[in-house]
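Participant: structure here, sequence nowhere to be found:
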């Protein structure tokens, strides 16, 4: 889902006592190289700020973790072993501690509440709305606004349109599958947050990207996780899917750290240069959706930073470039 003003949440931090690091000659050269690579990637903004003792703490844990990760890769197993989980948790606690020490102060936690629907429409095969008793012209106008932003036929997989509100400046819109395999979808919009045309437009493309990357042609629902493909909640991405390609290129080396403390803003602070927005650091699926919205709406970046590489990722797919061209033509861009 996309917020009008997205923020990430923070959980209380724990402190970690340091582990002794083995002598350098006790670590195989190939392992040393992988540990050094992962240290720089996972530390992100912290890499140039830690002293040697603090880096040694990180590398000591990675020297234990990397062989376990390599063994899991050979087995094709997605789930971490209990020993891996413990090591990842210890690393995350270190990273959180260092982030508080060297980067920015955290934000206060915010609780989310479920909100009931104000109106719900079934969508006919021809795209017309079939109202419930709460039909209003202003709700239909929101459906029309969404249609105006997307190429013809884009909303055919959507069979339900919901109007809800959780108050101003909260969740603007979301999409979810309405069947078990992701073939049919629901779009929901909050009219309280739909007044800003720029925010509304960015959000429509963000949410549509969730459909593009999580539909039944891209992922499988209710199947076991596998090491070689990205998975979250009850889904696993297909090997040739947009999401898996995005994960393999941009997320594989530090996803475990993100999952160890998914509510924390500190992950974003450690890797700020990797993300277009702070909300993109929530997960690979939110990251790809944020980047797709920017891909559609803004000029192609010419730099080499990670966030620019992510925005340019979609140019590898002619069908997505065609979508961009048609959407921008509707916007007069």
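Facilitator: Yes, it's here. Because the structure is predicted, anything quoted here is derived from the model rather than measured.
Participant: can you map out the strands along the stretch 151-300 of the chain?
Facilitator: Secondary structure of the stretch 151-300 of the chain (DSSP state E, counting those that start in this stretch): strands at 158-164, 171-177, 185-189, 219-221, 231-232, 235-237.
Participant: and residue 277, which of those strands is closest to it?
Facilitator: Of all the strands of the stretch 151-300 of the chain, strand 171-177 sits nearest to residue 277, with 13.8 Å by CB to CB. Any C-beta I mention is one placed from the backbone N, CA and C, and that applies to glycine too.
Participant: strands paired with the closest one, and their directions?
Facilitator: The pairing partners recorded for strand 171-177 under DSSP bridges are strand 2-3 (antiparallel), strand 185-189 (antiparallel).
Participant: what's the offset of the longest one from the middle of its chain?
Facilitator: It refers to strand 185-189. Relative to the chain's own centre, strand 185-189 is displaced by 19 Å; criterion: CA atoms, centre = their mean, to the nearest Å.
Participant: same question for stretch 216-232.
Facilitator: Relative to its chain's centre, stretch 216-232 lies at 15 Å (CA atoms, centre = their mean).
Participant: do stretch 51-60 as well
Facilitator: The chain centre lies 29 Å from the centre of stretch 51-60; the measure is CA atoms, centre = their mean.
Participant: cool, stretch 39-54 as well?
Facilitator: 24 Å.
Participant: what is the end-to-end distance of that stretch?
Facilitator: Stretch 39-54 has an end-to-end distance of 11 Å (CA to CA, to the nearest Å).
Participant: which among the strands paired with strand 171-177 is found nearest to residue 212?
Facilitator: Comparing those by CB to CB, strand 185-189 comes nearest, at 10.6 Å.
Participant: tell me what angle that closest one forms with strand 158-164.
Facilitator: Taking axes from the mean of the first three to the mean of the last three CA atoms, to 10 degrees, one finds strand 185-189 and strand 158-164 inclined to each other by 20 degrees.
Participant: helices and strands of the protein: which one has the lowest mean pLDDT?
Facilitator: Lowest on mean pLDDT, DSSP states H and E among the helices and strands of the chain sits strand 2-3, with a mean of 54.
Participant: for the very next helix or strand once past that strand, packing partners?
Facilitator: Next helix or strand after strand 2-3 toward the C-terminus (DSSP states H and E): helix 29-43. Judged by 3 or more CB pairs under 8 Å, 6 or more residues apart in numbering; DSSP states H and E, the packing partners of helix 29-43 are helix 52-75, helix 82-102.
Participant: who touches the shortest one?
Facilitator: Meaning helix 82-102. Residues from elsewhere that reach helix 82-102 (CB atoms under 8 Å, 6 or more residues apart in numbering): 13-16, 19, 42-43, 46, 49-50, 54, 57-58, 61-62, 64-65, 68-69, 72, 80, 106, 256-257, 259-261, 264, 266-267, 269-270.
Participant: quick check: mean pLDDT across the helix or strand following that helix?
Facilitator: The helix or strand immediately downstream of helix 82-102 is strand 117-123, counting by DSSP H and E. Strand 117-123 shows an average pLDDT of 93 in the prediction.
Participant: ok, now stretch 289-298?
Facilitator: pLDDT averaged over stretch 289-298 gives 98.
Participant: which of the residues in that stretch are buried?
Facilitator: 289, 290, 291, 292, 293, 294, 295, 296, 297 (16 or more other CB atoms under 10 Å).
Participant: from those residues, which land in helices?
Facilitator: Among the buried residues of stretch 289-298, the members found in helices (DSSP state H) are 289, 290, 291, 292, 293, 294, 295, 296, 297.
Participant: tell me who's in contact with the fourth one.
Facilitator: By CB under 8 Å, 6+ apart, the contact list for residue 292 reads 205, 206, 208, 209, 212, 213, 314, 320.
Participant: buried subset of those residues?
Facilitator: For the contacts of residue 292, buried by 16+ other CB under 10 Å: 205, 206, 208, 209, 212, 213, 314, 320.
Participant: just give the nearest non-adjacent residue to the third one, would you?
Facilitator: Right, the one you point to is residue 208. residue 150 (6.4 Å; CB to CB, 6 or more residues apart in numbering).
Participant: contact partners for the one you found?
Facilitator: Residue 150 makes contact with 204, 208, 327, 330, according to CB under 8 Å, 6+ apart.
Participant: farthest-apart pair in the residues you listed, please.
Facilitator: Among these, the pair separated by the greatest distance (CB to CB) is 208 and 330, at 12.9 Å.
Participant: measure stretch 268-275 end to end?
Facilitator: Termini of stretch 268-275 sit 8 Å apart (CA to CA).
Participant: show me the contact partners of that stretch.
Facilitator: Residues from elsewhere that reach stretch 268-275 (CB under 8 Å, 6+ apart): 8, 42-46, 95, 99, 103-104, 250, 254, 278, 281, 287, 290, 305-307, 310.
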